[in-house]
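Trainee: Sequence and computational prediction follow.
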Amino acid sequence: CDFNPISDLTATEVREFLCWLTAPAAIINKAPSAGLFDGQTDENEMGVSYAAIDKYIKTGRASERDKRIIDRYHRRSEHKRVGVKHYKEKEGDSKMEKKGIKPEDLRPESMERISTPELAKAFIDEQVKALREQIGDKKVLLALSGGVDSSVVAALLIKAIGKQLTCVHVNHGLLRKGEPEQVVAVFRDQMDANLIYVDAVDRFLDKLAGVSDPEKKRKIIGKEFIEVFAEEAKKQDGISFLGQGTIYPDILESHGVKSHHNVGGLPEELNFELVEPVKLLYKDEVRLVGKQLGLPDNMVYRQPFPGPGLGVRCVGAITRDRLEQVRESDAILRDEFAKNGLEGKVWQYFTVVPDITSTGIKDGKRTDDRMVIIRAVNSVDATSATIEEIPYAVLHVIVDRILAEVPGINRVLYDLSPKPIATIEYE
């Protein structure tokens, strides 16, 4: 097949351009002189990676239409990674997105996209000054999950106001292996932050015992998190502000109110004023700011992680042994992806342990053990996803390690289902 418009790109970059399966022909069959997006309608634009876009522009074949679409992609895209989504931007969509949003929560059209360390540093300097003016000598409380957004906000606030910030990290037992320890090591030990670590593992898992309905599990996790955080907030004296890791896509999608893994449901009597220093940034910009603030790469470039954590990957009613099987198998998968250069190239990858068993054999004896399902996908914003083709040699090592190192597992499966029809997460 003749990939004329992108003949100077690598096979991986070509695959990036063609990953949206419903419209490859319009791209593949273009003459070398044609623009990448010429012939496509505004409602049918293909998401591609920043690296591939930049390389395409350097070929000199980008038409004026290409440049306009690429500029809009840069402004709208939340991630640097490969896109598999059509941006259906019809006339009036931008007005609908802005409906009901306060003027101070709208990103100015003139705001330059943060794409270099220099721009990230300039943003940090500007926000440090603004935070000091807003907060003065008062105190701020921040729910620190260890995710990208809350971690960057924590680092910004530490730089701006130091010990006036108190971070609360709630370990609900549904985090990945090593994550609670990393939060403590980075923020308490390295950044000298006021960090309250709350071990709520038993509290959460006891509440979740016997609950198999996915929506009920999510609601329990969300409600319990808010209650734990509110309890810790009431123990603190002189707190006037609540720090949140709200980013711009959150505002566009939900008018500034994030889902349960943020703290939007705190009791009104706490009466905190919000501090949201990265609320006008997209995810790729937040990552650059975090990198400039000195956060470790495995925190800054952390892959998407659901609010309910491993609770939605321990399918059905959560049991402690099955939760550990998810945690341990996930750690093996992440370790092998890092060793083989797949970390950061694949949008999201994880393991799932369903509540079913199958027949196996070990040490000459029959077993009736559980299975691990591997999921690895590429996406832009999770509305659609394609399957990552893991090299067989790597997959073979992952399977061998899971079977050898995770007790009670006798089978490993690889999920090849795209979204749609399947969702990325299992619950």
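Mentor: All right, it came through fine.

Trainee: mind checking which helix or strand of the chain has the lowest mean pLDDT?
Mentor: strand 86-87 (a mean of 32; mean pLDDT, DSSP states H and E).

Trainee: so how far is Gly294 from Pro277?
Mentor: Per CB to CB, to the nearest Å, Pro277 is found 16 Å from Gly294. C-betas here are computed from N, CA, C, even on glycine.

Trainee: quick one, which of those two is more surrounded?
Mentor: Pro277 (24 against 12; other CB atoms under 10 Å).

Trainee: surely that one meets Leu156?
Mentor: Yes. Contact criterion CB atoms under 8 Å: Pro277 and Leu156 qualify, at 5.2 Å.

Trainee: Name the residues contacting each of the two.
Mentor: Residues touching both Pro277 and Leu156 by CB atoms under 8 Å, 6 or more residues apart in numbering: Gln127, Leu131.

Trainee: Longest helix of this protein, counting residues only.
Mentor: Looking across the chain with DSSP state H, the single longest helix is helix 214-235.

Trainee: The next helix or strand after that one pairs with which strands?
Mentor: Remark: after helix 214-235, the chain's next helix or strand is strand 239-243, criterion DSSP states H and E. Sheet pairing of strand 239-243 (DSSP bridges) gives strand 139-143 (parallel), strand 273-275 (parallel).

Trainee: I'd like those strands as TSV, with mean pLDDT appended.
Mentor: Listed next are the strands paired with strand 239-243 as TSV, based on pLDDT from 0 to 100:
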stretch	mean pLDDT
strand 139-143	95
strand 273-275	92
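
Trainee: Please convert those to JSON lines, extending it with mean neighbour count and distance to Val211.
Mentor: Listed next are the strands paired with strand 239-243 as JSON lines, based on neighbours: other CB atoms under 10 Å; distance: least, CB to CB, whole Å:
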{"stretch": "strand 139-143", "mean neighbour count": "24", "distance to Val211": "23"}
{"stretch": "strand 273-275", "mean neighbour count": "16", "distance to Val211": "32"}
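
Trainee: would TSV of the ones you listed with distance to Asn410 be doable?
Mentor: Below are those laid out as TSV (distance: least, CB to CB, whole Å):
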stretch	distance to Asn410
strand 139-143	39
strand 273-275	50
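
Trainee: what about the strands in this structure?
Mentor: Applying DSSP state E to the chain gives strands spanning 45-46, 86-87, 139-143, 165-171, 194-199, 239-243, 273-275, 348-352, 357-362, 365-378, 386-387, 409-414.

Trainee: Out of the ones you listed, which gets the lowest mean score?
Mentor: When those are compared by mean pLDDT, strand 86-87 comes last with a mean of 32.

Trainee: What pLDDT does the model give the residue lying closest to Glu328 once chain neighbours are set aside?
Mentor: Excluding the flanking residues, the one nearest Glu328 by CB to CB, 6 or more residues apart in numbering is Val406, at 4.8 Å. The per-residue pLDDT reported for Val406 equals 98.

Trainee: Isn't Val406 up against Val372?
Mentor: Yes. Between Val406 and Val372 there is a contact under CB under 8 Å: 6.9 Å.

Trainee: And the most centrally placed residue in the chain, how far from Pro407?
Mentor: Per CA atoms, centre = their mean, the C-alpha nearest to the average position across the chain is that of Pro304, at 2.4 Å. Look at Pro304 and Pro407: by CB to CB, they are 28 Å apart.

Trainee: So Phe225 sits against Val170, correct?
Mentor: Yes. Using CB under 8 Å, Phe225 makes contact with Val170 at a distance of 6.2 Å.

Trainee: how about low-confidence regions in this structure?
Mentor: Residue ranges of the chain with pLDDT under 70: 1-100, 253-267, 269, 381-382.

Trainee: who's in contact with the residue sitting furthest away from the middle of the chain?
Mentor: Residue farthest from the centre of the chain, counting by CA atoms, centre = their mean, is Gly364 at 43.1 Å. Contacts for Gly364 (CB under 8 Å, 6+ apart) come out as none.

Trainee: so how many other residues sit close to Gly408?
Mentor: Gly408 has 14 neighbouring residues, counting by other CB under 10 Å.

Trainee: Which residue, other than its chain neighbours, is closest to it?
Mentor: Nearest to Gly408 is Asp369, by CB to CB, 6+ apart, at 5.1 Å.

Trainee: One more: Ser240?
Mentor: Lys138 (4.1 Å).

Trainee: How much space separates the one you found from Asn194?
Mentor: 14 Å.

Trainee: the more surrounded of these two?
Mentor: More crowded of Lys138 and Asn194, by other CB under 10 Å: Asn194, with 19 against 13.

Trainee: Pretty sure that one sits against Ile161.
Mentor: No. In this structure, Asn194 is not within contact of Ile161 by CB under 8 Å, at 10.7 Å.

Trainee: returning to what we had before: can you tell me which helices and strands the longest helix of the chain packs against?
Mentor: Under the contact criterion of 3 or more CB pairs under 8 Å, 6 or more residues apart in numbering; DSSP states H and E, helix 214-235 touches strand 165-171, strand 194-199, helix 201-208.

Trainee: which outside residues touch the longest one?
Mentor: Which is helix 201-208. Contact partners of helix 201-208, identified using CB under 8 Å, 6+ apart, comprise 171-174, 217, 220-221, 224, 228, 311, 317-318, 320, 323.
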